[in-house]
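Student: pasting the sequence and the predicted coordinates here, then a few questions.
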Amino acid sequence: MWLIQILNGLFNSLLLFLVSVGLSLILGLMGVLNLAHGVFYLLGAYVGYTVGSLTGNFFIAIAAGALSSALLGFAIERLTICHLLGEHLEQVLITFGFVYMFMSITKFFWGGYPKIMEKPAFLEGSVELMGNFVPIYRLAIIVIGIVVAFCMWWLSEKTWFGIKLRAGVEDKEMASALGININAVFVKVFVLGSFLAGLAGVLGGPVIGAYIGLDDKMLMMALVIVIVGGFGTIQGALLGSFLIGFTEVFSKLWLQEASLFIVFIAMAAVLLLKPKGLLGKY
């Protein structure tokens with residue numbers, strides 16, 4: 001039983017990491033509170049479900065879902081966000097408006113009933129680990145999440161783009177004065193965050209599904225993780241995801257009705273000890 005719950009915690013944590021890491025970088029670098037971030041998750045889930053149903057190919061569904069969210073993120077950033085940098089109230093209002101627009105669009109195209117994406121045949125079934133039967137699909141998502149987390153660390157710490165990204169998070173004005181095109185970094189970070197959220201939507205589709213209101217839940221969890229981990233740090237997003245992901249799983253095991261309350265208690269406890277988050281600087 002404990003092994004199953006630990007693996008469920010890993011699955012939940014790494015899925016939440018994919019959603020929250022982009023939001024953390026967007027907040028830390030751009031100072032943009034994007035309330036439509038959960039829309040990217042839900043769009044990826046819906047598009048992945050549709051493409052997977054039409055083609056029967058899980059990998060095409062992943063590509064379609066993640067890329068559709070990236071394209072939507074690019075459009076939102078270029079058409080609205082880039083003109084509202086520093087205007088926090090306007091950012092909140094316009095991204096909140098996108099949430100309601102997307103709600104109407106999803107009702108029109110996909111209806112109000114939940115959609116569950118089919119698992120690929122090679123990931124069906126379970127394997128026995130220490131006397132427990134564990135779904136192969138969840139193990140696969142855990143491995144994918146670990147690989148993506150490593151790639152994000154490598155991108156941040158070992159590439160020129162990562163150097164520019166970290167410089168922008170530390171001091172945007174100084175980075176611009178040193179010749180870094182900070183606006184180009186803004187676009188790439190926003191699109192990357194949208195892509196990862198869409199990827200999480202597709203990967204979570206066979207387990208969580210897609211339904212109206214799921215975007216709000218994912219946004220709320222991502223915001224809690226960003227607050228707990230600290231703005232603008234990949235390591236903070238990962239650490240916050242593990243803390244909140246495991247807290248949610250085990251609180252549902254013991255006190256299902258109070259699981260969300262316990263998640264917020266955990267956030268409050270972290271903020272009492274570390275007001276800027278576990279690894280935050282701002």
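Tutor: Cool, got the structure.

Student: my guess is Leu238 contacts Gly230. True?
Tutor: No: the pair Leu238 / Gly230 is not scored as a contact, 11.2 Å apart, by CB atoms under 8 Å. The way it works is simple: take the backbone N, C-alpha and C, and place the C-beta from them, glycine included.

Student: would you work out how far apart the start and end of stretch 73-89 are?
Tutor: Stretch 73-89 has an end-to-end distance of 19 Å (criterion: CA to CA, to the nearest Å).

Student: what's in contact with that stretch?
Tutor: 30-34, 36, 40, 90-91, 94-95, 98, 183, 186-187, 190-191, 193-195 (CB atoms under 8 Å, 6 or more residues apart in numbering).

Student: and what of stretch 262-280?
Tutor: Residues contacting stretch 262-280 (CB under 8 Å, 6+ apart): 221, 224, 226-233, 235-236, 239-240, 243-244, 247-248, 251, 255, 282.

Student: now, of the residues you listed, which are buried?
Tutor: 221, 224, 226-233, 235-236, 239-240, 243-244, 247-248, 251 (16 or more other CB atoms under 10 Å).

Student: which residue ranges of the stretch 101-250 of the chain form helices?
Tutor: Counting by DSSP state H, counting those that start in this stretch, the segments of the stretch 101-250 of the chain that form helices are 136-158, 160-170, 172-177, 182-204, 214-229, 234-254.

Student: how about TSV for those helices, with mean pLDDT added?
Tutor: As requested, these are exported to TSV (pLDDT from 0 to 100):
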stretch	mean pLDDT
helix 136-158	90
helix 160-170	78
helix 172-177	76
helix 182-204	91
helix 214-229	91
helix 234-254	88
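
Student: would you tell me which of those helices gets closest to Ile26?
Tutor: Closest to Ile26 of the helices of the stretch 101-250 of the chain, according to CB to CB: helix 182-204, at 5.3 Å.

Student: now the closest one: buried residues?
Tutor: Buried, per 16+ other CB under 10 Å, within helix 182-204: 182, 185-204.

Student: I'm done for today, thanks for sticking with me.
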